[in-house]
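1. fold the following, please.
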Amino acid sequence: MALRTLRRTLCGRQCGCFYSSIPEMPPAGITPQKYTGISYDDAMKVRKSHLTPALLTYYKNPIMIVQGHMQWLWDTEGKRYLDLFGGIVTVSVGHCHPKVTERAKKQMDNLWHTTNIYLHPTIHEYAEKLASKLPGNLKVVYFTNSGSEANDLAVLMARMHTGVFDIISLRNAYHGASPYLMGLTAMSTWRFNVPTGFGIHQSMNPDPYRGPWGGANCRDSPSQTLRSCDCGAGECQAGVKYAEQLEDVLRFSMPKDKCGAFFAESIQGVGGTTQFPKNFLKRAFDMVRSKGGICISDEVQTGFGRLGEHFWGFENHGVIPDIVTMAKGIGNGFPLAAVVTSPEIALSMAKALHFNTYGGNPLACAVGSAVLDVIKEEKIQENAASTGTYFILELRKMMDEFETIGDVRGKGLMIGVELVKEREKITPLPVDDVNKIWEFMRDHGILVGKGGIFGNVLRIKPPMCISKADVDFTIAVFREALKTLAR
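-> Here you go, the predicted model:
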C-alpha cells in the first residue's frame, strides 16, 4: 500500500486544508463502456411515478449502476466502486464473470426456456452436480426462483411431512418478506401490521454480543466479543443457556411432545451478521428432533463457500439439516434458488400436484452449473477463507483506534461491523452518524450494506473474488470515515 500513489482529499471545509491521504483504488483490469442509455434524471422520474414507493433506495443521492466486472461497479458518470455488498450477498464469483456469462450465452443460443414437465438436459445435469455438494441424505432438489420461494416451500414441506403445523424460528432472523414468511422473519422493521405467522413461534436469539449470555470464547470467528468469558476449552456456557430458552418454547408453545420444524440461518444476515455461540445449533437440532420435528438450514446468504472453511454454513456448526434452502450466490445474481432435502421428506410433496413454471429453467440451471465450476476452478472458497480472515483481523485492529467500533464479527467473507456510541453500554450509534460513515465510504468508492434491528451494523459481504489490496483500500477509507466522524 505504501508504494501506491496517494490521493489527497479536501476536508470539505472552506479553509481548503487536507485531512487525509487515501490510497488509490486498486486497478479494475478493464475500461468501462461509455453509457448512452436513459438519463439519471429520467430514471429518477420513472422510479417515482412507475415503480412501487416501497422500494428502498440507498444513499441521499442514489447511484445508478450501469456496468459491472468482478468486484467492480460503474455508474452513469463512469465512477468506479468496490462492491462490498455483492448485490445484497448475491454476486458470489464476480459481476459478469466471463465463464458464467459465456455459459449463459451458449445456453441462450440453444434453449431459453421449457418448463420442467418436459425433460431437458440442464436440469438433470445441474441437479446431480448440486446434490453432490451436500452431505448425508440431502439428495432431492426442488428448484425455485428466489430465497423467499425456497423458504415458503420448506415451510410447506415440513408441515406436510410431520403433520405438525407449529414451527420455531429465532428472534432477529430474516427468512423473507412474503405473507407466508413474515411470521418466520422476526424483525419488526420487516413486518406489516397484518395477520401473519400462524403457527410460528420465536425463541430468544442466541447473540453473544447483545444477548444476556456470551463472551470472549463463544463465536466461531477470528474476532470475539470484548465481554469476559469463563468457558473452558471445548465448552460454551452461553450455548447451553440459549438452548434452554429454546427448550422452554418447545415445552410451552408447541403441541405436547410435538414440533413441526426449526428454522435457522447459519449466521444471521439481515440481522447484522449475528453469530450463534458454539454448539447452540447442535443442541437445538437434537431438541427439535426429539419432538419429531425437522431442522431447516437457511443457506441463502451463507452457502457456496462464503464462510470459507466449509461449502455450507451449517457445516461450521457440526450439523446436517433435514432441509436446506439456498438462493442468492447460487446463481451469481441470476434468479435461481433451491430446496434440497431427503427422499423421504420429498415424498410428502407427492400428495398433491406441485409446480414452479421457471424452477429448473434451462438458462438458470446452466448459470448455476457454471457458478459451481468457477468456485472449484478458481478456488473461490479458499479465497473467502484467507482474504476474509485477513479482512476481519484488520477490522479488529481498528477497535484499538476507534471506540465507535463496538464489535467485529463473522467468518470468511460474511462480515459485520457494529457501530456504537458507547462501547461499554453497547448503545447503538445514531442512524445519522452511521449514515455519515456510510456516505463517506460511498463517496470514496466503496459500497457496503447496513443491517441489524438498529441499522447500525455495516454488512460486508462482497463478491468472493476480492483481493487483499481491496481490503487494504477499504480499511484506509473506513479509517478516514471514522476520523471524519470524530472531528
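2. where along the stretch 1-150 of the chain do the helices fall?
-> For the stretch 1-150 of the chain, the helices defined by DSSP state H, counting those that start in this stretch occupy 40-50, 86-89, 98-110, 121-131, 147-162.
3. what stretches of this structure score poorly on pLDDT?
-> 1-20 (pLDDT under 70).
4. longest strand of it?
-> Assignment by DSSP state E gives strand 414-422 as the longest strand of the chain.
5. buried set for that one?
-> By 16 or more other Cβ atoms under 10 Å, the buried positions in strand 414-422 come out as 414-420. (Glycine included, C-beta is placed from N, CA and C.)
6. put together JSON lines for the helices of the stretch 1-150 of the chain, with mean neighbour count and distance to Gln381 on each row.
-> JSON lines is the format used below for the helices of the stretch 1-150 of the chain (neighbours: other Cβ atoms under 10 Å; distance: least, Cβ to Cβ, whole Å):
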{"stretch": "helix 40-50", "mean neighbour count": "11", "distance to Gln381": "37"}
{"stretch": "helix 86-89", "mean neighbour count": "22", "distance to Gln381": "15"}
{"stretch": "helix 98-110", "mean neighbour count": "15", "distance to Gln381": "16"}
{"stretch": "helix 121-131", "mean neighbour count": "17", "distance to Gln381": "15"}
{"stretch": "helix 147-162", "mean neighbour count": "23", "distance to Gln381": "20"}
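7. next, format the ones you listed as TSV and append distance to Thr325.
-> Output for the helices of the stretch 1-150 of the chain, formatted as TSV (distance: least, Cβ to Cβ, whole Å):
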stretch	distance to Thr325
helix 40-50	31
helix 86-89	14
helix 98-110	22
helix 121-131	13
helix 147-162	4
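8. re earlier: adding distance to Gly239, write the buried residues of strand 414-422 out as JSON lines.
-> Shown next, in JSON lines, are these (distance: Cβ to Cβ, whole Å):
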{"residue": "Met414", "distance to Gly239": "20"}
{"residue": "Ile415", "distance to Gly239": "22"}
{"residue": "Gly416", "distance to Gly239": "19"}
{"residue": "Val417", "distance to Gly239": "24"}
{"residue": "Glu418", "distance to Gly239": "21"}
{"residue": "Leu419", "distance to Gly239": "26"}
{"residue": "Val420", "distance to Gly239": "24"}
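9. and of those, the nearest to Gly359?
-> Checking the buried residues of strand 414-422 against Gly359 with Cβ to Cβ, the nearest one is Met414 at 26.4 Å.
10. got a list of what that closest one touches?
-> 89, 267, 269, 273, 301-302, 306-307, 388, 461 (Cβ atoms under 8 Å, 6 or more residues apart in numbering).
11. out of those, list just those in helices.
-> Under the assignment DSSP state H, these contribute 89, 388 to helices.
12. closest to Arg409 out of the contacts of Met414?
-> Arg409 lies nearest to Thr273 out of the contacts of Met414, by Cβ to Cβ, at 5.7 Å.
13. pull up the gap between the residue nearest to the spatial centre of the chain and Gly331, please.
-> Nearest to the geometric centre of the chain sits Gln301, at 3.3 Å (Cα atoms, centre = their mean). According to Cβ to Cβ, to the nearest Å, Gln301 and Gly331 sit 14 Å apart.
14. ditto for Lys468
-> Distance of Lys468 to Gly331, computed by Cβ to Cβ: 27 Å.
15. quick one: which of those two has more around it?
-> Higher neighbour count among Lys468 and Gly331: Gly331, with 26 against 15, using other Cβ atoms under 10 Å.
16. these two touch, right, that one and Ala366?
-> No. Counting by Cβ atoms under 8 Å, Ala366 is not a contact partner of Gly331; they are 10.1 Å apart.
17. Asp220 is nearest to which of the helices of the stretch 1-150 of the chain?
-> Closest to Asp220 of those, according to Cβ to Cβ: helix 86-89, at 18.7 Å.
18. contacts for the closest one, please.
-> Helix 86-89 is contacted by residues 92, 269, 300-301, 306, 328-329, 333, 414, 449, 459, 461-463 when judged by Cβ under 8 Å, 6+ apart.
19. then stretch 75-85?
-> 25-26, 28, 32, 34-35, 39-40, 63-66, 68, 71-74, 91, 95, 442, 445-449, 459-463, 466, 470, 473-474.
20. for that stretch, what is the distance to the chain centroid?
-> The chain centre lies 20 Å from the centre of stretch 75-85; the measure is Cα atoms, centre = their mean, to the nearest Å.
21. domains in the protein, by residue range?
-> With domains defined by automatic domain parsing, the chain comprises 6-84+404-486, 98-377.
22. just the ones you listed: most buried one?
-> Among the domains of the chain, domain 98-377 has the highest mean neighbour count (mean count of other Cβ atoms under 10 Å), at a mean of 20.
23. got the end-to-end distance for it?
-> 13 Å (Cα to Cα, to the nearest Å).
24. going forward, count from 20.
-> Renumbered: residue one is now 20, and that last one reads domain 117-396.
25. just the closest of the contacts of helix 105-108 to Gln243, please.
-> Checking those against Gln243 with Cβ to Cβ, the nearest one is Met433 at 16.1 Å.
26. any idea what that closest one is bridged to?
-> Using DSSP bridges, the bridge partners assigned to Met433 are Lys430.
27. how close does it get to Asn191?
-> Using Cβ to Cβ, one obtains 16 Å as the distance from Met433 to Asn191.
28. residues in contact with the residue nearest to the centre of the chain?
-> 108, 284, 286, 288, 347-348, 433, 480.
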